[in-house]
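J.: can you look at this prediction? I've put the sequence above it.
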Amino acid sequence: MSLNDKINFFKQLEPKYIVLFACWSVWFVNFLVRMSVPVLLPSIQIEFDISYLELGLMMSGLTFGYAVSQIPSGIIADRTKKKYVIVPGMILFSIAMVGSALSNTSTILILMLLTAGVGLGTYYPAATSLIAAWFDRGERGRAFGIHETASSVGSVVGPLLGGYLVYAFGWREGFTVLLIPGLLAIPIIWYLGKEPDIELAGLKKEKIILNPILLPTAVYTLMIMGWMAFTTFLPSYLTNIGYSDFAAGVMFAIMPLVSVISMPVAGHYSDKFGRGKVVFTLLVISSPLAFFVTYLEHWIPIIIILILIGVTLFAAYPVIIALISDKIPASNRAGTFGFVNAIGMVFASTTPTAVGYLIDILNYQIAFLTISLMVLAAALTMLKINKKQRNT
């Protein structure tokens, strides 16, 4: 296909799909970076001769910066064009990547990763609001499902890219290379991330009512808590039972790979049959799977369980986002998304520490049982939401 053919292809697409492509690209970069950084940490530890505590602070800084920027960036995005929030965030991230590569102490690197997290965190509330504005309620589930495949692809490519960079060049060069996709994402979202044909000034500002989204936010938070704890310790469990680091990485990649298909499918069915039913079904099926993994050692049943987790727990994520978007007034959508994501990320940042402590003092079975209970609690909360909706 020639360049002109590609240009004509994009011109024939509906504007909303061009916007979705632009958002997908930036979300892919977001996860590409966040999943690459952990692979760079061992080399950083050797060069700076630092403790695991300081190493943990680097990832905590990235995550914390990401969380704290959600609410203010969402509030600003409700009052201006979304690209005016996302692009400065990506520029800030790019500057932080340069600073990370040039860091000569662990303290400076922690501050640079904190800054990078702040920059990356400006994306999500603005982008989810933009997607919800372009797609009607009846097609919003599928749109968010397609969008979230970017996180899955980034979760696969990120560790592979980070591993190659640190092996072939070094961690400083790794940060420098990670700057490139961030720079490429800036013109994509600037030129293609257009707003719907409505005047921003004409949007009537509606009062934010938290009550309709409190329980869905609880479902979202419990899901993210379970997801973060499981994805953090699954590789260590696999290496603990005898698999190599490479084999553990390949097995881990099965979940996001499967979710590239399961996310849009789940979103599509939520448009047809209702978000609450789909989320509840997916969470109920997925709730015992993390616990079951700890009783398996042969690779075939482990892979089957990981496929099921990719089909269920991973696929539930875009559906709950679509459900929350259905309950938010358009004028406050970005700010509310920022609130929801900030709450989820803050609580989720505590679960790896808690689950890791349980592994230290007890065993993987008990620790992973708590993960299954988190997902079950999310399912039961979703059931309560469904009952309330039937009674109204």
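T.: Looks like it came in fine.

J.: can you name the element that comes right after whichever strand or helix holds residue 238?
T.: Following DSSP states H and E, one finds residue 238 within helix 211-240. For helix 211-240, the succeeding helix or strand toward the C-terminus, using DSSP H and E, is helix 245-273.

J.: which elements pack onto that following helix?
T.: Packing contacts for helix 245-273, counted by 3 or more Cβ pairs under 8 Å, 6 or more residues apart in numbering; DSSP states H and E, involve helix 137-168, helix 211-240, helix 275-286, helix 299-311, helix 313-326. For the C-beta atoms, the positions are set from N, CA and C on the backbone; glycine is no exception.

J.: please state the offset of that helix from the chain centre?
T.: 13 Å (Cα atoms, centre = their mean, to the nearest Å).

J.: that one to helix 137-168, inter-axis angle?
T.: 170 degrees (axes from the mean of the first three to the mean of the last three Cα atoms, to 10 degrees).

J.: residue numbering should commence at 590 henceforth.
T.: OK, 590 is where the count begins now, so the last one is helix 834-862.

J.: ok so, going back, which one of the helices and strands packed on helix 834-862 lies closest to residue 638?
T.: Closest to residue 638 of those is helix 726-757 (Cβ to Cβ; 17.2 Å).

J.: ok, and what's touching whatever helix or strand comes next after the closest one?
T.: Downstream of helix 726-757, the first helix or strand assigned by DSSP H and E is helix 760-781. Here helix 760-781 makes contact (Cβ atoms under 8 Å, 6 or more residues apart in numbering) with 607-608, 610-612, 614-615, 618, 621-622, 625, 629, 632-633, 636, 672, 675-676, 679-680, 682-683, 686-687, 689-691, 750-751, 754-755, 758.

J.: same check, this time on stretch 665-681
T.: The contact list for stretch 665-681, computed with Cβ under 8 Å, 6+ apart, reads 615, 618, 658, 662, 704-705, 707-712, 714-716, 718-719, 771-772, 774-775, 778-779, 782, 784, 789, 920-924, 927.

J.: can you tell me the centre-most residue of this protein?
T.: residue 740 (5.7 Å; Cα atoms, centre = their mean).

J.: what's the separation between that residue and residue 616?
T.: Remark: distance between residue 740 and residue 616 (Cβ to Cβ, to the nearest Å) = 6 Å.

J.: tell me the mean pLDDT for stretch 714-734?
T.: Predicted confidence along stretch 714-734 averages 85 (mean pLDDT).

J.: how long is that stretch from one end to the other?
T.: In stretch 714-734, first residue to last residue: 16 Å (Cα to Cα, to the nearest Å).

J.: now do the buried residues in it.
T.: For stretch 714-734, the neighbour count (16 or more other Cβ atoms under 10 Å) marks 714-724, 729-734 as buried.

J.: any quick PyMOL command for the buried ones out of the contacts of stretch 665-681?
T.: This is the PyMOL syntax for the buried subset of the contacts of stretch 665-681, where burial follows 16+ other Cβ under 10 Å:
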select buried, resi 615+618+658+662+704+705+707+708+709+710+711+712+714+715+716+718+719+771+774+775+778+782+920+921+922+923+924+927
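
J.: re earlier: and residue 640, which of the helices and strands packed on helix 834-862 is closest to it?
T.: Here helix 800-829 is closest among the helices and strands packed on helix 834-862 (Cβ to Cβ), at 18.3 Å.

J.: from the contacts of helix 760-781, which land in helices?
T.: Residues of these located in helices (DSSP state H): 607-608, 610-612, 614-615, 618, 621-622, 625, 629, 632-633, 636, 672, 675-676, 679-680, 682-683, 686-687, 689-691, 750-751, 754-755.
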